[in-house]
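Participant: Have a look; sequence and predicted model below, questions after that.
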Amino acid sequence: MKKTSISVTDAARNFADCVNRVRYQNMTYVLLKNGTPVARLVPEDKKVCTGRDLAKALRRIDLSTDEAVAWNRDLKKARKGLKSQPDKWR
């Protein structure tokens, strides 16, 4: 799958062409606003994992106590590495 970055303005001006390329050429567009990614235009059949999907999958997994402790530790470590997005409206 080919991924292309495009400004929101260019995507709006060429929306029909972008949609056709997504559908027939299996392209993905990353939409940029002031150079920052804000959205994606992707083919409908592409698999996307949401938080809800992940939680559902994790409920089906039977982890041992040691694995659960390690999972929790890794999750906490990953969360510390996340940076919150600044609120541009304030």
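Facilitator: Okay, I see it.

Participant: Let me know the secondary structure of residue 82.
Facilitator: With DSSP: H, G, I helix; E, B strand; the rest coil as the basis, residue 82 sits in coil.

Participant: and it, how far is that from residue 75?
Facilitator: Residue 82 is 11 Å from residue 75, where distance means CB to CB, to the nearest Å. C-betas here are computed from N, CA, C, even on glycine.

Participant: Settle it for me: which of those two has more neighbours?
Facilitator: More crowded of residue 82 and residue 75, by other CB atoms under 10 Å: residue 75, with 10 against 7.

Participant: how near is the more buried one to residue 51?
Facilitator: Plainly put, residue 75 is 12 Å away from residue 51 if you go by CB to CB.

Participant: now what about stretch 31-47, what contacts it?
Facilitator: 1, 5-8, 11, 18-19, 22-23, 26-30, 48 (CB atoms under 8 Å, 6 or more residues apart in numbering).

Participant: how about it: buried residues?
Facilitator: Neighbour-count burial for stretch 31-47, counted by 16 or more other CB atoms under 10 Å, picks out 31, 32, 41, 42.

Participant: Dump it to CSV, restricted to CA.
Facilitator: Extracted C-alpha coordinates of stretch 31-47, given in CSV (Å, rounded to 0.1, in the frame of the first residue of the first chain):
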residue,chain,number,x,y,z
LEU,A,31,-3.8,14.7,5.7
LEU,A,32,-1.6,17.5,7.0
LYS,A,33,-2.7,20.7,8.6
ASN,A,34,0.1,23.2,8.9
GLY,A,35,2.5,20.3,8.3
THR,A,36,1.1,18.2,11.2
PRO,A,37,-0.7,14.9,10.5
VAL,A,38,-4.4,15.2,11.5
ALA,A,39,-6.2,12.4,9.7
ARG,A,40,-5.9,9.5,7.2
LEU,A,41,-7.9,8.6,4.2
VAL,A,42,-7.5,4.8,3.9
PRO,A,43,-9.2,1.9,2.0
GLU,A,44,-12.3,0.6,3.8
ASP,A,45,-11.0,-3.0,3.8
LYS,A,46,-7.8,-2.2,5.6
LYS,A,47,-7.7,-3.6,9.1
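
Participant: Mind checking the pLDDT average for it?
Facilitator: Here stretch 31-47 scores 90 as its mean pLDDT.
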